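K.L.:
3D model of this:
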Amino acid sequence: MRLLVALFMLLATPAAAVLCEDLTFQGNSYTICTVNAATENLRLFHTGQNGEVYGQFDAIQATLDVETLSFAMNAGMYHSDRSPVGLYQEDGAIVSQIVSSDGPGNFGLLPNGVLCINDDSARVIETLQFIESARQCRDATQSGPMLVIDGALHPRFIPNGSSKFIRNGAGTSPDGKTAYFAISNDAVNFHSFGLLFRDYLQVDQALYFDGKVSRLHAPQLGRSDFGFQLGPIIGVID
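P.N.:
Numbers count the residues shown, from 1 in each chain. This next block holds a predicted model:
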């Protein structure tokens, strides 16, 4: 898989800044979008200049002039008013603070983590490690649980877990140059979704974004999901 991704990165052109593909892994259908975080304009979106939460992919595209939203995905959990849960930072401005304590729901299923984005890199980092390192990010979103931590699945995942949803998340390469964004097209449990990142994408760190509301914008596949209003969104601008 890594060889194929490396080949894509060498051959990629500005018209194909993101590679999105459908695949089947262990009997489940997924769509994976691979982004060269070292060269592409990968960023987070939440609130427009009018003070309104974007909520949908087309609302972001509507603010662009000649640029194109070539990829987007919901990127973290949010409250009923669509404000981010946990750390959210955009263009260096911290919108909400990091949360390190456990709690109810998937976000509080520790360890959780942070996706930290800079101009030339993207890294998934476990929350306590992120706090200890005092890492600087241009954009950051916190979510949980971690799917893969230092090459191991989250310790609470159960192989035959009965809780199954459409799920999405992100994983990053050790050098921070490649980011993988995946969404299940079938309802899957955490264990199956974690295996996709660990065994298929072979990443050491991966983070769960959400379930139930998971959506993807992938124009090259003729796909732009619509549904519930979203909170944080991650995307690539060409």
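K.L.:
Tell me where this protein has helices.
P.N.:
Secondary structure of the chain (DSSP state H): helices at 2-11, 57-61, 127-133, 190-195.
K.L.:
so who does residue 135 touch?
P.N.:
Residue 135 sits next to 116, 123, 125 when contact means CB atoms under 8 Å, 6 or more residues apart in numbering. The way it works is simple: take the backbone N, C-alpha and C, and place the C-beta from them, glycine included.
K.L.:
ok, of those residues, which one's closest to residue 109?
P.N.:
Among the contacts of residue 135, residue 125 lies closest to residue 109 (CB to CB), at 16.9 Å.
K.L.:
pretty sure that closest one contacts residue 205?
P.N.:
Yes: Residue 125 lies in contact with residue 205 (CB atoms under 8 Å); the separation is 6.9 Å.
K.L.:
Please enumerate the shared neighbours of these two.
P.N.:
residue 113.
K.L.:
what's the neighbour count on residue 213?
P.N.:
Applying other CB atoms under 10 Å, we find 18 residues neighbouring residue 213.
K.L.:
Name the nearest residue to it, sequence neighbours excluded.
P.N.:
Closest residue to residue 213 apart from its sequence neighbours, by CB to CB, 6 or more residues apart in numbering: residue 228 at 4.9 Å.
K.L.:
Now do the end-to-end distance for stretch 227-238.
P.N.:
End-to-end distance for stretch 227-238, by CA to CA, to the nearest Å: 24 Å.
K.L.:
Could you pull out the buried residues of it?
P.N.:
230-238 (16 or more other CB atoms under 10 Å).
K.L.:
Quick check, central residue of the chain?
P.N.:
The residue lying closest to the centre of the chain (CA atoms, centre = their mean) is residue 170, at 3.8 Å.
K.L.:
could you measure that residue against residue 101, distance?
P.N.:
23 Å (CB to CB, to the nearest Å).
K.L.:
same thing with residue 181?
P.N.:
In terms of CB to CB, residue 181 sits 27 Å off from residue 101.
K.L.:
that older thread, hey, what's the residue nearest to the centre of the chain bridged with?
P.N.:
residue 181, residue 207 (DSSP bridges).
K.L.:
right, and it touches residue 193 too?
P.N.:
No: judged on CB under 8 Å, residue 170 makes no contact with residue 193 at a distance of 11.6 Å.
K.L.:
Overlap of the contact sets of the two?
P.N.:
By CB under 8 Å, 6+ apart, the residues touching both residue 170 and residue 193 are residue 182.
K.L.:
Just the buried residues of stretch 227-238: which are in strands?
P.N.:
If you go by DSSP state E, these have 233-237 in strands.
K.L.:
I'd like the contacts of residue 135 laid out as CSV, including neighbour count and distance to residue 209.
P.N.:
As requested, those are exported to CSV (neighbours: other CB atoms under 10 Å; distance: CB to CB, whole Å):
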residue, neighbour count, distance to residue 209
116, 24, 15
123, 23, 15
125, 23, 15
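K.L.:
Could you dump those residues into JSON lines with pLDDT added?
P.N.:
Shown next, in JSON lines, are those (pLDDT from 0 to 100):
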{"residue": "116", "pLDDT": "98"}
{"residue": "123", "pLDDT": "98"}
{"residue": "125", "pLDDT": "98"}
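K.L.:
Pick the one among those closest to residue 175.
P.N.:
Nearest to residue 175 among the contacts of residue 135: residue 123, at 9.1 Å, using CB to CB.
K.L.:
Residue 94: what's it in contact with?
P.N.:
By CB under 8 Å, 6+ apart, the contact set of residue 94 is 87-88.
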